[in-house]
Structure formats: C-alpha cells, structure tokens
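**Student:** Below: sequence and its predicted model.
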There are 2 protein chains.
Amino acid sequence: MSASFSDCANAIRALSMDAVEAANSGHPGMPMGMADVATVLFQRYVKFDPADPKWPDRDRFVLSAGHGSMLIYSLLNLTGYARPTMEDIRNFRQIGSPCAGHPENFELAGVEATTGPLGQGLAMAVGMAMAERHLNATFGDDLVDHRTWVIAGDGCLMEGINHEAIGLAGHLKLDRLIVLWDDNKITIDGSVSLSSSEDIPARYAATGWHVVECDGHDEFDIVSAIEEAISDDRPSLIRCRTIIGKGAPNKQGTSKVHGAALGKDEVAAVRATLGWNHAPFEIPADIREAWLAAGTRGAKPHAEWRDRLAAHPDRLGWERRGDVPQELLKPYIEQLLANPQKVATRKASEMALEAINTLLPETIGGSADLTGSNNTLTKGLVALTAGSYAGRYVYYGIREFGMAAAMNGMALHGGVIPYGGTFLVFSDYARGAIRLSALQRARVVYVMTHDSIGLGEDGPTHQPIEHLMSLRLIPNLDVYRPCDTVETAECWELALQKEDGPALLALSRQNLPQLRTEAAENRSARGAYALFEAEAPRKVVLIATGSEVEIAVAVRDALEAQGIGADVVSMPCFERFEAQDAAYKRDILPHDALKVSIEAGATFGWERYTGNDGLNFGVDEFGASGPYLRLYKHYGLSADAIVARVVAKLNGEQA
Amino acid sequence: MSASFSDCANAIRALSMDAVEAANSGHPGMPMGMADVATVLFQRYVKFDPADPKWPDRDRFVLSAGHGSMLIYSLLNLTGYARPTMEDIRNFRQIGSPCAGHPENFELAGVEATTGPLGQGLAMAVGMAMAERHLNATFGDDLVDHRTWVIAGDGCLMEGINHEAIGLAGHLKLDRLIVLWDDNKITIDGSVSLSSSEDIPARYAATGWHVVECDGHDEFDIVSAIEEAISDDRPSLIRCRTIIGKGAPNKQGTSKVHGAALGKDEVAAVRATLGWNHAPFEIPADIREAWLAAGTRGAKPHAEWRDRLAAHPDRLGWERRGDVPQELLKPYIEQLLANPQKVATRKASEMALEAINTLLPETIGGSADLTGSNNTLTKGLVALTAGSYAGRYVYYGIREFGMAAAMNGMALHGGVIPYGGTFLVFSDYARGAIRLSALQRARVVYVMTHDSIGLGEDGPTHQPIEHLMSLRLIPNLDVYRPCDTVETAECWELALQKEDGPALLALSRQNLPQLRTEAAENRSARGAYALFEAEAPRKVVLIATGSEVEIAVAVRDALEAQGIGADVVSMPCFERFEAQDAAYKRDILPHDALKVSIEAGATFGWERYTGNDGLNFGVDEFGASGPYLRLYKHYGLSADAIVARVVAKLNGEQA
C-alpha cells in the first residue's frame, strides 16, 4: 500500500518535532504548519535533482522563514539528497552537523540561501528570479526555464525589506516567482493583530502582484492555488491559511509552538493525534518510497537538459560564465599608465567598468537611484526591464537593502556577477544584506561612492565616518579603498576574482591624482604596499587609504625636505594585508619607524598598524556641511597640520 | 497692498534657488515644487510660535525629504524664527552656518528632526505622533493637542522603512499624523517609472491610512485636501501632484532640477517667469509682513496654553518629565548586593526596568516582536494601542528599523523616554536609525539581547560577531556591555541620564554570576575599572566585558594559583573610559603588565587597550550552531585555553 499525502506530510511534522526535541531547541511550529504545503510543492512542483543539487536549470526554493529550518532539512533528506543524512538531522543544532539552527547554503547543497534574518530570503528570491529571466533572455528556454519558490512567514512580510523586494519584483513582472505565505496569524509576541492591521493581499496587489488564497491544509486547494499562480503573468503571493504547529493538540495555533521544543508530553500527544506510531527519526518504507519518488522526478528533465546543453550553440559561453581571467584588466591598466588621469575614484571605477563590462558579459550593474553619482552605468549597457530581461543594468530605485539582497540572490543563482551602488553612508541601510553576502560567500560587488567628508556640502547625514572601519569588521568582506585610477582597476580585478565572497569598493567624489607609475603586478593584491620609499633615512611610515594617499605623499615630500625619511604605504585592503605573511607585514610596517595613519574616517582600529605610539589622523565625530577642502582643513587633514604633528612627535620622542 | 499667495510661495522659490546658486550645491527642485503646499501649511495650519520654538504643544513638522532643506530654512526665516538669519541662508552649506546641506535639529530650534537619510523623517514623525497621543492620554487636551506634519518625497515612500512606519501608524490609528507626498514623478535617475510601478494610494489604504489627492499648485485644492485629512480618524496621506522645480521654465519637471544649482541663465529665467524682480535674498516688505503674520498666529494659543499649564493639577508631573535623578537605582542596587543573583543580563535588565518603570512614568518600552526574549515588558506595563494610548508598552512588530526611528521621534518630541529591544545581530537592520539617534542627540535606549555566540543554537545568522565593535565606532553612541546584575543596573542608570544621546545595552542570553559585591559609587560610570586586583605581583591585566568577565575571573584565579598576579578589569563602556583622564587610564591599563582582552566578538580594535604586544581573545569569524558552552570552547574562550596562552606568552617574553 502506498503512502498517503497525509503520511508524507506527517513525516515532516515528526522529523521536525523530534529533531527540535532532541536538540531541546528550535522551531517546530512552522514546519508542522507548512508541512502540507511543502509536501504538495516538493512532490509535484519544484524541479530538482537530488543527484546533482547544482543543476543550473533547477527551480530555486528559498525558505525565507529560516527559523523553520527543519522543514527544509526534512525535505532534503526525504527526497534523497546525499545530505543531510538522518544522522545529521539527529544532530540538529549541534557543532559539526550541517543542520544548523537556520539553513546555511554553505553547509548543504540543497539550501539555496542562508536565511533567518527575516525578510531577506524573499528579497534574495527576487534576485534569483531576475537572474533566471536574464539568463533565459540570453540563452533561451532550452537552457534556462525554471521557477523560484519561497515560503515566507508574517515576519518576512512585515519587515521593511519586503516592501523594497516586492516593489522590484512587481515592477519587473517576475512571473516565475511564487511566494507561499504561511498565514498562521501568530508571531513570537502573540497574535499578529498585536502589531499589524494590514490587508496584505491588497498591499501586494497594489504593488503589481497576483494574489490567490488557499487552505494550507487541503491538498487540492493548495494545488489549485499553485496552478493559478503558475498561469498568471505577475509574481504571485499564495496566502496559505494554516495553523502553526498543526498536529500538536494542546499548543497548535499559539505562539507557544513557535520557538521551543514541544516537550515530552506534547510530543506523545502529537504521535497519538497524527497516528504516527514510529520511533523518532524512523520513516516507514512506504513513506520513504513515496518521497524518494518525488526526488527522482527530476532525473529525466535533467538528462534532457544536458542533451540540450550539449547541442547549444553557445555552450562555451554558458560554461565560462563566472570565470574571471587573472589579468583581466592588464591592457586597460597599461593604457592608464600611458595616459595618467586625475579623476575621482568613482570615475576611475566607471572607467574600469567600461573595460569589465565589455570583457565579462555576466556582469549586471545597477544603483539605488544614484546612477549618475555612483558612475555605475557604462556605455552600451541597457536597462533590465520587464519588457527586456536581456538588459544588464538595473534601476533599483531608492531601495538599498532590496538591491543588496537581490544581488545576493543573483550571485547565489549563478551565471551572473552583480554589482550595485549607493553612497557609502547608506551601507547602513543595506548592512543586513552585506553581512549575508559575506556569510553566504556570495560574489557581490558593492560600489560605494562619496566615501568620506570629501563629499562636502551634503553634510553629516551623508558623510561616512565609522563606515569604513565597521565594514572591515565584517568577516569575509573585502573592503577596498583605492587611491587612484590604477589601484581602482586593481581592486576591481581582485573583487571580481573572489568567487567565494563579496567585496566593497569605497570611492571618492573628489578628483585624485594618478599616483601609480607602474603596474607590473597587481600591487593591491597584497592589501598594503610601499607606494613611495624613504629617500632620507627612514624615520616615518605614513599609511593611508584612498583619497588620503595624496595627502600622505605631500606629507612625505615635506618631511623629506627636512631630511626626515618617510615611506608612503598605500593600504587599499586591510583584509588582504592581514593575509600576508609576518615577514611582509614587518617589512611594510617596520618596528623602528613612527607609524602614522591618515584616513578621513574613524581612527579607532588603526592602532593595529600604528601601535599605541603612532599617530592617527582621521575624523572621530560627525562631519559638517561645507566645501570639502575646507572640511579637510577643519579636521586637521592637511599636509601642513600633519607634518607639524609628526615633527613634534619625532622631537618629543628624541628629547 | 498685501502680498498674494503666489508672492509668498515665490519667496520660498527665490530663496531656495538663490541659496543653492550661491553655494553652487544643493537641491532646488523640491522646495520650488512644494512651495505652494508649504505656504498653505505654514500660513494656515501648522501651530507654532517662533518666539518659543520649543513650546511643547506646538505642531511638529518634519521635512522627510531632507535634501529640500532650503524649504524649511526659508519657512523658518520668513515666519520670524531668530535663526536662520538671512546671513545664515546666504551661507547655506558653508562651515559655521546652521543651514547645513540637510536639516539638523541640533543646529536650528525650528528643525524637529535631522533628515536626509530617506524614509526616516516620516518614520520619526510616526514616533512623534505616538508621543503626542500618549501624552494627550496622560495629561489631557489642555496640555497636549497637536498634529504632526510631514513632507515626504518618492524616495521616502520607496524605502523599506516606509512600510514599517506606515504599518505601525495605521495599526495605531494615529489620526494626528498627516503626510504630504510630493508626487512629482521624478527621482535622481529619472522618472519614477524607471524603478516603480506601485499604486501608492492603494498601498496606504491597505495599511489603514486615509488617502486624499490635490493639485499641489492650487491653493484651494490644497486647503480642501488638508481639511479632509484633518477630519478623518486615520493617519492621512495627501498626494500632492506637483511639478519638481516649478518656476524654472527650462528644467522643471525633470531630474535636472533635483540636485544641482540651476545656473545663472535659468535663475534669470525663473525671475522672469515668476515676475520676481528682487535681488537675491531680498524679500519685499509686504511679503515679509504676510509671512510674519503667519508666524505670530501662534502667540495667542501659546499664551492660552501657558495659562492652562499653570492651572493644571499635574503641572509638576508635566514639568519633571525627563529629569532622571542621579542615584535613581541606588535602593535597587542595594537589594542586589543583599541578595546576589545568577541571571542573564537580559533578565538583570528586566529587573532594573521593574524599578525604572515604577520610578519614571515617562518610559515607553517595546520590542520588535521579541518581548519574551528581550525581557522588555515589566509587570504592570500595559500596551499602547489605538484604543488606549496611555499604555506604555509598544508591540512594534517585526520592524526593527521602524521601531528605532519611532523611538527617535518620541525622544525628539520630548516628554517620554523610549527604550526598545531586538537581538544584537539585528542592530544591522536598525543601524541607519541608531546612527541618527546619535547624530540627533536623542535619548533612546536600545536593549539588544543575545549579544554573542552565547546565544547558542540559533547559529551564525543570529550570532553577533562584529556588532559590538562596529556600534562602538558610531560617534555619540554609548555602548554598554554589563557583566552582572549590578553593572546592568548601573549601565541603565547612566543610559537614562544621558540626555543628549542614545545608549545601547548589549545583554546576554545565558546566566552570569553576580560578581560585584559593593556599589558605593556607580563604577560603570568610569567605563572600565579594576573589578579584582592582583594579589601576587601583577604581571597581567585581564580586560573583559559582559559575559566574558566571568571567564576573566576564572583565568585570574588560575594565574594567581601559579603565583602570577592579575587584575580583572571590567570594561562595560569604551566611550566612557575614553572620557577619563590619562592618569586614570594608565592606572587601569598600566604599561608594565601584559594586557589581555577577552570578549566574544571581533578582536579588531582591542589593540587600543592591549597594545600590539597584548593578547586578544575573541571570535573573528562567523559563529556556529551549537550549545553555547561548546561554542565557547570551540573558539578558545575557556579559562584553561586562555591561561595556557597567557602563561606561554609570559614565558616567551621572559625567555
């Protein structure tokens, strides 16, 4: 006798409840409430092949309500993915198990995105759906023809990023995106009605979405809603009316079942209620078989896809996507050396991008409504729009967080390399997604211009102070602050080559001289290097980044004129410098010199490189509104002021 | 002959255009486009008294589209505020002028909020409207009966925070909140239609708002829309159809007029078009008189209000609001010393709040849907709801950014002291508003729990790593990480006493022993202090914060047992320690000891206190999912592991 639909859904409920119970930690309510919806979805609709979880034309499934992680762990195990094994699930939430508290793409091949920070899963799915339509427009239905599915909870819909994400999806008419909303009317604090009175379907409709409802515990109603969603030419929200923790007779429908183990008694009561007479982590053979059949559905379409790929006229173009040559920009950099230019690094970035976007057809640029300021649009790029998905430039609108999350989704989808711009100060708005780029090891390039008080008159609300340092603190995010056209090109090259993580370019509004006169190797790759070496006996090492390297050079000239030898170290990337060996670091930052940092931002943290006896020049308060050269002077960031303090320090030490 | 409505509106246009022209920098489009709406608003509706800009019962006006700062500078000057003077306006965007690029509440008394970071002005206005209704419910119509007005642009409405803010306002039925939307169909990148297809009125209606439209250049239509908004019992969005840069014959209606000076020719063309034959910064007497009449409207209601205050039964209660006694929590701390308790600092915070909320009726607590985790709800606090504004607890929903911005608005409104909670890792979501708390000098207390890998099984998405350090980098934000019940109370006391800025409490999920045994003074006020002093000759100073102070004590015990003297320095607040004199700092962190930092977060930055020869124990990668004690061991944060490395270091140095 073959397993029934209920048996299959109850397998998810049992695994979820038992894993949470074993860990004495976790969230049983969502997986139990959405078990029926997920069963319909994975048994009938989602296109995937557990034998090759990275099949490029698979459907993408994102569990935006990431706390319900046992839902996806159950599904991956039941449908036949190699991992998680049942042993992995038994070790849910333990060190070493890939079944972490929240789903992590770097732990399990079947997890498309790392979720848990609410709202971002859905917003990443928007990016995945954009990548799908773009690649479809580029390579055709034969190679790219899949859907993006999302399970989202009330939290995902209440977060601000939801507005940005669905606004973008509605505007771009991403009809391959289908969101299943777990409408259980419960949040952690209690009823949703404690904090919200919103008519969610009306809001989605106002934003260009199709909305359909279903009873989330009725197999046929779920099917009918999904069919309607598939047939509509807008992105779809399916409102699944569910009972959180369904199956737990005493706790279901309340916030008690959301985020804690059910407890021994209630677990027993669930078994009785569901008629689930199996030991924890035991799945009867007929139920396992029914689930495995769902998993093998994908083998045939996958084989057919492979045949189509083999015959595709642009197979090589498809396969090389994402491969960035080692010396991608060497010819361009040689042109720069031949014709030095004094431009803002934001302009230098645009110039580098002109080369990059010609060489790499997989880049997709954009800006959160600051195209002309971020210099992110290069000649020949056309807009990616609802009518024309082949375009490679996205007008993200005033949606920094949504842009960053969409870029994460594109990078995770693969086949494209996204970059996008805003002002550095507004990295704050996108910070949750920048962190997830780093955690998820997603190749996203952030183009952050107006990177200091050097932006001038817009004043404190627009002047980043703490941002450079606070972004450097994020693990696995490479923060670049190049000083001229050559370094900007080098940093772009390094950013694109980092396949397993994001990079952020901090770029000036103001013009800067081209300081580099040779480029035999990519010197920025070391993170820091001696741009100029002392001529007189070295007493000082001036360490600077970006726009302040020019000041360091002026300081050096003045010191050398007084017979004081000084190196100028340009330090475009702390993270890369940290990765160098001790000998290199010591060579660049020797013990026996006064080390002086110059950066128009917070000085806190520079002690790592200057020691406690060094000098740190920067800005440790909110800036001010005024022409930028006056601001630099106001904050003591002028060669004269710095020279005076360096000389005084040297004299003081020698006295 | 008295000045016409058009004359008055054109005065705004001329001042705005001429100031931007003089600075050769700024945003003329918005002030010129919204001049008519603003004229109606300030001449007829906004209740204010330029003679006393801080009159508590004044209406609040927030220019959410802060780039249009010349609009508010013009209004304040024309209606008779002492500042800005015309000289201030001539120096628009210059160092020293209060007329900064974007409006700053700390520069001009008539500016209620610092705006420019889009979306936040409107979200702060929601908080102001909440404070108004709460104080009205507490003190009655006699003392509190005013409106909150907002001018917002497309950017403010597209940002994610708009969804959170209007969701909260609609849910709370804040009928005194009226938003005038400058619907000019233009963003920086061009037409709004480049990036959005949203039906904004429908979205607002779906969220519980009343929506009305008007021709934003028709005086009577504007009046009629405002009258309708006032009479509705929901918050209102007034869609003002406008032409950006109206009056500039060649540039109006395009993005060219948004963010740059018009240029000499177009300025001349505006003068011709408007018939404005006056020199820059000259306002004819009749127009000045008409505007001053608008400014003196408030004198009479203000005087009547003063009379009502004088006669009010709770005048003293009204006037003391915001005064926090020096030793507010001394009796409570004495109880703690008498009965030491091992609890999580999030629980210690709840215990302190029990005392605080009894002593200070002006606190308004809340949480972004983590009430039971943040421990922000104390006994006796009832919810602030649409039906019951006297409540003192806000269920903010899953809206971290919206909560933070609303708290900024409440603090800026005055009369209340807001505090609100989420997980520390989600400070990222609210970071834009946390920064604005600091910039605006707003007394907001952030209650951030689950402050390290110590939260355990929820894993990397929920474990803050870089957050402590990156928050410490924000100027004027005091970040507290107390180690036990006593320090938690001390830090709360200090946070509440800081009238001119925000504080953030980072609190543990896990239980911690009570380490403090005396509290003659508030020792946390120094930022760092020797909790235990060495008994053997001092060779080591262990510096720790929060939950790691317990580990430092264990390390000290083990070192002392080996005859190695070690101080334990608890450092609950870097910012306060930085404010101490050099002698105190040197006493706490002496040159002649090995300095060792222990904090379960990023080590970058600790070099300021340990020097380059010290040891830094922390977590410099994303965490992992598992029981917290195992995680601490995994990351080398155990007394055994630390002792071994300290001893090796001491031996190495002596060798």
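**Tutor:** Okay, I see it.

**Student:** What mean pLDDT does stretch A:338-354 get?
**Tutor:** Taken as a whole, stretch A:338-354 carries a mean pLDDT of 98.

**Student:** How about the secondary structure of the spatially most central residue of chain A?
**Tutor:** Chain A has residue A:437 as the residue nearest its centroid, 2.5 Å off, counting by CA atoms, centre = their mean. Of the three states, residue A:437 takes helix according to DSSP: H, G, I helix; E, B strand; the rest coil.

**Student:** Against residue A:503, how distant is it?
**Tutor:** Per CB to CB, to the nearest Å, residue A:437 is found 9 Å from residue A:503. For glycine as for every other residue, the C-beta is placed from the backbone atoms N, C-alpha and C.

**Student:** Find residues that contact each of those two.
**Tutor:** A:444, A:446, A:477 (CB atoms under 8 Å, 6 or more residues apart in numbering or on different chains).

**Student:** can you list these in CSV and add distance to residue A:109 and secondary structure?
**Tutor:** Output for these, formatted as CSV (distance: CB to CB, whole Å; DSSP: H, G, I helix; E, B strand; the rest coil):
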residue, distance to residue A:109, secondary structure
A:444, 20, coil
A:446, 27, strand
A:477, 24, coil
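
**Student:** Tell me where the stretch 351-500 of chain A has helices.
**Tutor:** Along the stretch 351-500 of chain A, the stretches classed as helices by DSSP state H, counting those that start in this stretch are A:371-374, A:400-413, A:427-440, A:467-472, A:485-497.

**Student:** Looking at those helices, which is nearest to residue B:253?
**Tutor:** Across those, residue B:253 has its closest neighbour in helix A:371-374 (17.8 Å, CB to CB).

**Student:** so how far is the closest one off the chain centroid?
**Tutor:** With CA atoms, centre = their mean, to the nearest Å as the basis, helix A:371-374 stands 21 Å off its chain's centre.

**Student:** Keeping just the C-alphas, turn that helix into CSV.
**Tutor:** The C-alpha trace of helix A:371-374 is given here as CSV (Å, rounded to 0.1, in the frame of the first residue of the first chain):
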residue,chain,number,x,y,z
THR,A,371,23.4,56.1,-11.2
GLY,A,372,25.0,59.4,-12.1
SER,A,373,26.7,59.7,-8.7
ASN,A,374,27.9,56.1,-8.4
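
**Student:** At the contact with chain B, which residues of the stretch 451-600 of chain A appear?
**Tutor:** Within the stretch 451-600 of chain A, the positions near chain B by CB under 8 Å from any CB of the partner chain are A:456-462, A:465-466, A:469-470, A:472-476.

**Student:** sorry, that was for the stretch 301-450 of chain A
**Tutor:** A:367, A:369-373, A:383, A:395-402, A:425-426, A:428-429, A:431-432, A:435-436, A:438-439.

**Student:** buried subset of the residues you listed?
**Tutor:** A:367, A:369-371, A:373, A:395-402, A:425-426, A:428-429, A:431-432, A:435-436, A:438-439 (16 or more other CB atoms under 10 Å in any protein chain shown).

**Student:** quick one on the thing from earlier: tell me, how many neighbours does the nearest residue to the residue nearest to the centre of chain A once chain neighbours are set aside end up with?
**Tutor:** Once flanking residues are discounted, residue A:437 sits nearest to residue A:502: 3.7 Å by CB to CB, 6 or more residues apart in numbering or on different chains. By other CB atoms under 10 Å in any protein chain shown, the residues close to residue A:502 number 30.

**Student:** Show me where the stretch 1-150 of chain A has its helices.
**Tutor:** A:5-23, A:29-33, A:35-40, A:69-79, A:86-90, A:120-139.

**Student:** whoops, the stretch 501-650 of chain A was the one
**Tutor:** A:548-561, A:574-578, A:582-588, A:607-610, A:628-634, A:639-654.

**Student:** As TSV, those with mean pLDDT and mean neighbour count would be great.
**Tutor:** Formatted as TSV, the helices of the stretch 501-650 of chain A follow (pLDDT from 0 to 100; neighbours: other CB atoms under 10 Å in any protein chain shown):
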stretch	mean pLDDT	mean neighbour count
helix A:548-561	98	22
helix A:574-578	98	19
helix A:582-588	98	13
helix A:607-610	97	21
helix A:628-634	98	18
helix A:639-654	92	15
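
**Student:** Reformat the ones you listed as JSON lines; add distance to residue B:632.
**Tutor:** Compiled in JSON lines, the helices of the stretch 501-650 of chain A are given as follows (distance: least, CB to CB, whole Å):
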{"stretch": "helix A:548-561", "distance to residue B:632": "40"}
{"stretch": "helix A:574-578", "distance to residue B:632": "24"}
{"stretch": "helix A:582-588", "distance to residue B:632": "28"}
{"stretch": "helix A:607-610", "distance to residue B:632": "24"}
{"stretch": "helix A:628-634", "distance to residue B:632": "45"}
{"stretch": "helix A:639-654", "distance to residue B:632": "41"}
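
**Student:** how about these, which one is nearest residue B:523?
**Tutor:** Here helix A:607-610 is closest among the helices of the stretch 501-650 of chain A (CB to CB), at 25.5 Å.

**Student:** Can you give the contact residues for that closest one?
**Tutor:** Under CB under 8 Å, 6+ apart, the answer for helix A:607-610 is A:543, A:571, A:589, A:595-597, A:614, A:616, B:604-605, B:607-608, B:611-612.

**Student:** How far away from the center of its chain is that helix?
**Tutor:** Counting by CA atoms, centre = their mean, helix A:607-610 is centred 30 Å from the centre of its parent chain.

**Student:** same thing with stretch A:215-231?
**Tutor:** Averaging C-alpha positions (CA atoms, centre = their mean) puts stretch A:215-231 32 Å from its chain's average.

**Student:** repeat for stretch A:489-500
**Tutor:** In terms of CA atoms, centre = their mean, the centre of stretch A:489-500 is set 16 Å apart from its chain centre.

**Student:** Then stretch A:608-622?
**Tutor:** 31 Å.

**Student:** what's the spatially closest residue to residue A:174 that is not a sequence neighbour in contact with, if anything?
**Tutor:** Among residues not flanking residue A:174 along the chain, residue A:129 sits closest, at 4.2 Å (CB to CB, 6+ apart). The contact partners of residue A:129, by CB under 8 Å, 6+ apart, come to A:148, A:169, A:174, A:176, A:177, A:235, A:409.

**Student:** picking that back up, now flag whichever of the residues of the stretch 451-600 of chain A next to chain B is closest to residue B:567.
**Tutor:** Proximity of those to residue B:567 (CB to CB) peaks at residue A:473, which lies at 27.4 Å.

**Student:** Which residue comes closest to the closest one once chain neighbours are left out?
**Tutor:** Residue A:473's closest residue in space is residue B:466 (CB to CB, 6+ apart), at 3.6 Å.
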